[in-house]
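> with the sequence up front, the predicted model follows.
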There are 2 protein chains.
Amino acid sequence: MYTHSAVTSANADFEGLICKGLGQRATSHIAAISVVQKLSPGRTLFSEGDAAENVYEVVRGTLRLYKLLPDGRRQITGFLSAGHLLGLAHEDCYLYTAEAITEVTLCRYPRARFVRMVDEVPGFARRLLDVTSNELCAAQDQMLLLGRKSAVEKVASFILTMAGRRGGQRSEVHIPMTRADIADYLGLTVETVSRTLTRLRQDGVIALQSACCIELRNPGRLEELGAGELAGDL
Amino acid sequence: MYTHSAVTSANADFEGLICKGLGQRATSHIAAISVVQKLSPGRTLFSEGDAAENVYEVVRGTLRLYKLLPDGRRQITGFLSAGHLLGLAHEDCYLYTAEAITEVTLCRYPRARFVRMVDEVPGFARRLLDVTSNELCAAQDQMLLLGRKSAVEKVASFILTMAGRRGGQRSEVHIPMTRADIADYLGLTVETVSRTLTRLRQDGVIALQSACCIELRNPGRLEELGAGELAGDL
DNA sequence: CGCAAACTTGATGTTGCTCAAGCTAGGTGG
DNA sequence: CCACCTAGCTTGAGCAACATCAAGTTTGCG
């Protein structure tokens, strides 16, 4: 998907955020190897075990990444929205499955050429290191959540994460994923997620406009719950 | 800790593994900013929230990294042995506490200078990216474990991880950490870890020479358990 | 309007936690 | 050298949080 109109970029439609702040030359380099790809809800981008041929960057929409146990138990390791990279951390095979939750737009980069840019494009390595470091921090927070938080604390933390993700200007949080996705992300069951949301609603901490739109009625309380500061309460 | 004897390295005692394969010049660069540091069992290297002034590399021994909830619940996010880096993934403050489990030898690098090398030393960024990627994969495996595995599956996985860490030639696995550490790593309690080890012993899967030395009597079975392939059994 | 998927709610069950003793082993001092 | 002491480990009994199983209800789409 090359265009001939723009001199400044080999790829006029290029929307990758990975090169933000890297300068014109670097951006051109990166844009030159990118291909835009779309994915409709529920479709699989790649599966655990597939040959890791591409690196992707999310431009729009939300994906879920997950791992499975042989008997079908699923752990979602993350929800990815605009600006996130995926497929980078692997040698030859993807180590998790990636599926679209909403309509998703991606930039696809051939893995080999993408990785080569680490040594060729100044500042690129540093950028990737930052991205990966942030992911690692998020993963560590998630370990604390999965290993040591109660159901209420998990759900509260989740709502706050979702609230922080987007502009978060108002107190309305949009939840694009199903209860099953949330459950598999938090190490709970669908029923427990549902019941916990109901309890939070009954306690006036949140309100549910619809299944996928949560209003924060008492963000302070939610914050305390998520942080694990209210051991016994609720 | 500079020595004058060696021309090839600014630092004859330097034992950092991070620069393995990076060539003489790069190694000198890295060695030049390193200081060797020792830590006795139980001592804290740094705490969650401390200013992140240094990056460390483990040369010998084992550390535990953990996060705490306000009421003292602890989640160990990893055990670090020789070759592992720590303190890299932070902007200004450490996001977890690092404590020595055994006698530990470290290489300390001033953070600012270490990070600067990413842009200056060829191949260094790539190396760091590899290290961080591997950590991220391990973190994702751990999320699957914490969120979806049963107690037996968690303990079996843990034993296998420990077995793979060292030479692992024989079937004897040395466990330097206490049951409490194991519990806080697996999202269990001390009692459950102990009971589970007892059950594995009674089933002939392992034998306990002492509290800190496990013999693998049926590695195949342990493998199946850890992978979650024996849903109901044991 | 009808259907299926997603969500909620209730009743019951089970895993792993809590609380409470004992036990073991390694280190210290008499 | 042995007795003690403590930290760590094991074991047991009872319990609670969350899972499971089973209906209903709501929602969105064809």
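Alright, I've got the coordinates.

> what is the mean pLDDT for the strand or helix carrying A:F114?
Using DSSP states H and E, A:F114 sits in helix A:111-120. Averaging pLDDT along helix A:111-120 yields 89.

> the nearest residue to A:S40 once chain neighbours are set aside: neighbour count?
Leaving aside its chain neighbours, A:S40 sits nearest to A:E103 (5.9 Å; criterion: CB to CB, 6 or more residues apart in numbering or on different chains). For the C-beta atoms, the positions are set from N, CA and C on the backbone; glycine is no exception. When neighbours are defined as other CB atoms under 10 Å in any protein chain shown, A:E103 has 13 of them.

> I figured A:E103 hits A:R43, correct?
No: counting by CB atoms under 8 Å, A:E103 sits too far from A:R43 to count as a contact (9.8 Å).

> for chain A, what helix or strand is lowest in average pLDDT?
Every helix and strand of chain A was ranked by mean pLDDT, DSSP states H and E. The lowest is helix A:24-32, at a mean of 83.

> would you map the strands across chain A?
With DSSP state E, the ranges of strands along chain A come out as A:35-39, A:44-46, A:54-60, A:63-68, A:74-80, A:85-86, A:97-100, A:104-110, A:172-174, A:206-210, A:213-216.

> switch these over to a markdown table; also include distance to chain B and mean neighbour count.
Output for the strands of chain A, formatted as a markdown table (distance: least, CB to the nearest CB, whole Å; neighbours: other CB atoms under 10 Å in any protein chain shown):
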| stretch | distance to chain B | mean neighbour count |
| --- | --- | --- |
| strand A:35-39 | 21 | 16 |
| strand A:44-46 | 15 | 18 |
| strand A:54-60 | 12 | 22 |
| strand A:63-68 | 5 | 21 |
| strand A:74-80 | 4 | 23 |
| strand A:85-86 | 11 | 22 |
| strand A:97-100 | 12 | 22 |
| strand A:104-110 | 15 | 21 |
| strand A:172-174 | 22 | 17 |
| strand A:206-210 | 22 | 14 |
| strand A:213-216 | 21 | 18 |
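
> please name whichever of the ones you listed is nearest to B:D119.
Nearest to B:D119 among the strands of chain A is strand A:85-86; the distance by CB to CB comes to 20.0 Å.

> what's the average pLDDT for that closest one?
Per-residue scores along strand A:85-86 average to 95.

> partner strands of that strand and their direction?
Sheet pairing for strand A:85-86, assigned by DSSP bridges, gives strand A:54-60 (antiparallel).

> now do the strand it pairs with against helix A:111-120, angle only.
90 degrees (axes from the mean of the first three to the mean of the last three CA atoms, to 10 degrees).

> and the contacts of strand A:54-60?
A:15-18, A:36-37, A:45-46, A:80-88, A:98, A:103-111, A:114-115 (CB atoms under 8 Å, 6 or more residues apart in numbering or on different chains).

> at 7 Å what do you get?
Outside strand A:54-60, the residues within contact range by CB atoms under 7 Å, 6 or more residues apart in numbering or on different chains are A:15-18, A:45, A:80-88, A:104-111, A:114.

> interface residues of chain A facing DNA strand C?
A:178-180, A:190-191, A:193-195, A:197-198, A:208, A:211-212 (CB under 7 Å from any atom of the strand).

> now, among these, which is nearest to B:Y185?
Within the residues of chain A next to DNA strand C, the smallest distance to B:Y185 is 25.6 Å, found for A:V193 (CB to CB).

> mind listing what that closest one touches?
A:V193 touches A:V155, A:R179, A:I182, A:A183, A:L186, counting by CB under 7 Å, 6+ apart.

> mind putting those into JSON lines with distance to chain B?
JSON lines is the format used below for the contacts of A:V193 (distance: CB to the nearest CB, whole Å):
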{"residue": "A:V155", "distance to chain B": "14"}
{"residue": "A:R179", "distance to chain B": "16"}
{"residue": "A:I182", "distance to chain B": "12"}
{"residue": "A:A183", "distance to chain B": "10"}
{"residue": "A:L186", "distance to chain B": "7"}
